[in-house]
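Trainee: Model the structure of this input:
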Amino acid sequence: MSLYATSTSCAQGDALRFRLLDEGGGPIRVEDVPSGRTVLECAAAPGPFWTLKVGTDWPSSLYRAIYHDISAYFVVRSTVPASPILLSIPFPTWEAYNRPGVPGEGLYQAEQPDRAVKVTFDRPGAGPQVEEWELGLLRWLAPAGYAVDYCSALDLHAGPAPLAGPDLLGRYRLLVVNGHDEYWSWEMRDAVEEFVRRGGNLAVFSGNTCWWQVRFEDDLRTMVCYRDAVADPMAASDPGRVTVEWPSEPVNRPENILTGLSFRNGAGCWVDSSVMAGECYTVRFAGHWVFDGTGLADGDPFGRGAIGYETDAADLDWVDGVPRASGRDGAPPSLVVLATADLAHWRRYGRAGAATMSVHRLGAGTVFNAGTINWGNTLHDPALARITRNVLDRLSRPSPGPTWETIGPGCP
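Mentor: As a prediction, the model looks like this:
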């Protein structure tokens, strides 16, 4: 007995239809995920569909409909912005990890010859991974005093929604990407890059961000990811849309053009996730506004447990013990290295690499990147909470206009 929503988002006051696969009907409960509050209890009549009428007074948030202990997740978007902050929920990544190892139905495992190259959103099962990478930040925001608006990552792709892509982003000052947001379409990239270049800001509390390119078909209800340029038929007609890693041939559009960091330099801890609990960042530029109020000094460790299970990083040169982005990996020239973690020992647990926390300018906008998936689940750490507040407060405010900005520690 299961259900799924026929769209990953809807606006306040809209109706959203759910498919009931057993057609038997029965009790349904709708829950606001960040707060855990029940907003509706009702009974679905027997039949293949149940329609939810979303109230105009429902806060923009992530919700789930629970039917016979099965959850279907969806976002309610604001009809009128109630916050300068828009938080994206990574539904494409959730769907990519749905039914791993099932031949012809899951995009994973990547090395399986019988894995799917197309998956549908018209099925149950997509939602937060078992580690709930996204939910820590979502549950922290309101108690910390932040009201934010929500969207599905699919809303960033200009598509059938009446307000999507650049039109949606243009109503906000700050876009927040959170948790594990690995799968992006060309249209999503275009929309977010245009938003930032025009003066919007981006906060990435995520890792392994924007690593795979995907395409959407069937009015965004089918996601395509061949992971192989030779197998993808688009290679012959439109090589830039081939579904491989963003930095790879024939796409050649590295994600760090937008995010500043790349999984090419990052690390993966897939064998023993308990190792994450002992990892921490080291401060490299304590005089930056990101660290205001933390009490941290250069060389201090912080954020224990926040790093993993996948990280992003910049290629670095070290000059007199101070890291600088080399630019050899295509990182933006304005990239400021805020903190680093050496994860070379992770070769025993998956993949050796590093983690970098950074900030850079892109056009008229600013991009902060935490460089790790588990940031949101470690906000009980006072330093991480203060950094998160500094980022949200500064990047959600109106632009002060051209100003001088310190981009590195001064000489002793």
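Trainee: tell me the strands in the stretch 151-300 of the chain, going along the chain?
Mentor: Ranges of strands within the stretch 151-300 of the chain are 174-180, 183-185, 201-207, 212-217, 222-224, 268-269, 281-283, based on DSSP state E, counting those that start in this stretch.
Trainee: closest to residue 353 out of the ones you listed?
Mentor: Between residue 353 and the strands of the stretch 151-300 of the chain, the shortest gap by C-beta to C-beta is with strand 268-269, which sits at 7.4 Å. All C-beta atoms are positioned from the backbone trio N, CA, C, and that covers glycine.
Trainee: just to revisit the earlier point, same list, the strands of the stretch 151-300 of the chain, but as a markdown table with distance to residue 29, mean pLDDT and mean neighbour count please.
Mentor: Formatted as a markdown table, the strands of the stretch 151-300 of the chain follow (distance: least, C-beta to C-beta, whole Å; pLDDT from 0 to 100; neighbours: other C-beta atoms under 10 Å):
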| stretch | distance to residue 29 | mean pLDDT | mean neighbour count |
| --- | --- | --- | --- |
| strand 174-180 | 24 | 98 | 26 |
| strand 183-185 | 29 | 98 | 25 |
| strand 201-207 | 29 | 98 | 28 |
| strand 212-217 | 30 | 98 | 21 |
| strand 222-224 | 28 | 98 | 20 |
| strand 268-269 | 36 | 96 | 23 |
| strand 281-283 | 40 | 98 | 22 |
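Trainee: Tell me which of those sits nearest to residue 345.
Mentor: Taking C-beta to C-beta, strand 268-269 is the member of those nearest to residue 345, at 9.9 Å.
Trainee: that older thread, nearest to residue 359, out of the strands of the stretch 151-300 of the chain?
Mentor: The nearest among those, by C-beta to C-beta, is strand 201-207 at 9.7 Å.
Trainee: Could you list every helix and strand in contact with that closest one?
Mentor: strand 174-180, helix 186-197, helix 256-259, strand 365-369, helix 382-396 (3 or more C-beta pairs under 8 Å, 6 or more residues apart in numbering; DSSP states H and E).
Trainee: now that strand and strand 365-369, what's the angle there?
Mentor: Calculated by axes from the mean of the first three to the mean of the last three C-alpha atoms, to 10 degrees, strand 201-207 forms an angle of 20 degrees with strand 365-369.
Trainee: just the angle between strand 201-207 and helix 382-396, please?
Mentor: Relative orientation of strand 201-207 and helix 382-396, computed by the same axes, to 10 degrees: 150 degrees.
Trainee: just to revisit the earlier point, and the helices and strands packed on strand 201-207 as TSV, adding distance to residue 31?
Mentor: Output for the helices and strands packed on strand 201-207, formatted as TSV (distance: least, C-beta to C-beta, whole Å):
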stretch	distance to residue 31
strand 174-180	19
helix 186-197	27
helix 256-259	32
strand 365-369	30
helix 382-396	25
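Trainee: before we move on, the earlier item: quick one: closest of the strands of the stretch 151-300 of the chain to residue 60.
Mentor: The closest of those to residue 60 is strand 174-180. By C-beta to C-beta, the value is 13.0 Å.
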